[in-house]
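Engineer: build me a structure from this.
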Amino acid sequence: MKILFALVSYLFGSFPTGYILYFLSEKKDIRMFGSQSIGATNVLRLKGWAFAIPVIFMDVLKGFLPVFIALKLFPEERFALICGFLAVLGHCYPIYIKLKGGKGVATAVGLYSAVALQPLLIGIGVFLIVIAITRYVSLGSILAMLSLPFSIYFIQGNKDVAILSVAVFLLIGVRHIGNIQRLIKGNERKFGEKE
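Structural biologist: Model (predicted):
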């Protein structure tokens, strides 16, 4: 039962919301444009808020539901955390579209909303402050995810969730390597800039 649920968590996380909505609208692969990501930031840049909002909602839900349901069905919190990580992994490397997905941030937000809401709110604050100062969504995302292991450990004192947040940060960091390189070179696109 656990193995099946863990597999479903990955498959659910793999659902490529941004890819599907963009393809239905443009009949093109969104990974050929912009940041080449299927996530909400790239959808926003290419199609606007009307398309980005449903993508944000669904991508957050992909992280929240596996954890929330696992906590109801199984007694071990660690298993629920594994399911949440698998959902984020699925978003980043979705099996349906040859393992080329998004950056994982919105799905991670869904995960944390189920197990670390107060630290998540701090992370969102970091995200908004960084964007307000720099207008770099990628930098805001990276620093927000980096803040979570510390805030989870010191606010909740939950070592399991803190360890999970380190793993999620490393995964999201890998997915942002291109952004980090562009930030260093000074040619990363800022929030509001069109493709």
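Engineer: low-confidence ranges in the chain?
Structural biologist: Residues of the chain that meet the criterion pLDDT under 70 lie in 192-195.
Engineer: counting neighbours, what do you get for K72?
Structural biologist: Applying other Cβ atoms under 10 Å, we find 8 residues neighbouring K72. Bear in mind the C-beta positions are built from the backbone N, C-alpha and C, glycine included.
Engineer: how near is it to V88?
Structural biologist: Distance, K72 to V88, using Cβ to Cβ, to the nearest Å: 20 Å.
Engineer: repeat for A80
Structural biologist: Per Cβ to Cβ, A80 is found 13 Å from V88.
Engineer: ditto for A6
Structural biologist: From A6 over to V88 the distance is 13 Å, taken as Cβ to Cβ.
Engineer: so G140 makes contact with I133?
Structural biologist: No - between G140 and I133 no contact is recorded; they are 9.0 Å apart, counting by Cβ atoms under 8 Å.
Engineer: so between those two, which is more surrounded?
Structural biologist: Using other Cβ under 10 Å, the more surrounded residue of G140 and I133 is G140, with 23 against 10.
Engineer: neighbour count: A6 and V88, which is higher?
Structural biologist: Remark: of A6 and V88, V88 carries more neighbours, 32 against 18, as counted by other Cβ under 10 Å.
Engineer: secondary structure element for the more buried one?
Structural biologist: Assessed by DSSP states H and E, V88 sits inside helix 77-92.
Engineer: this protein: helices as residue ranges?
Structural biologist: 2-13, 17-26, 40-47, 49-73, 77-92, 105-115, 117-134, 137-151, 159-175, 177-185 (DSSP state H).
Engineer: could you dump those helices to CSV with distance to L99?
Structural biologist: Formatted as CSV, those follow (distance: least, Cβ to Cβ, whole Å):
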stretch, distance to L99
helix 2-13, 12
helix 17-26, 12
helix 40-47, 17
helix 49-73, 16
helix 77-92, 8
helix 105-115, 15
helix 117-134, 26
helix 137-151, 21
helix 159-175, 12
helix 177-185, 16
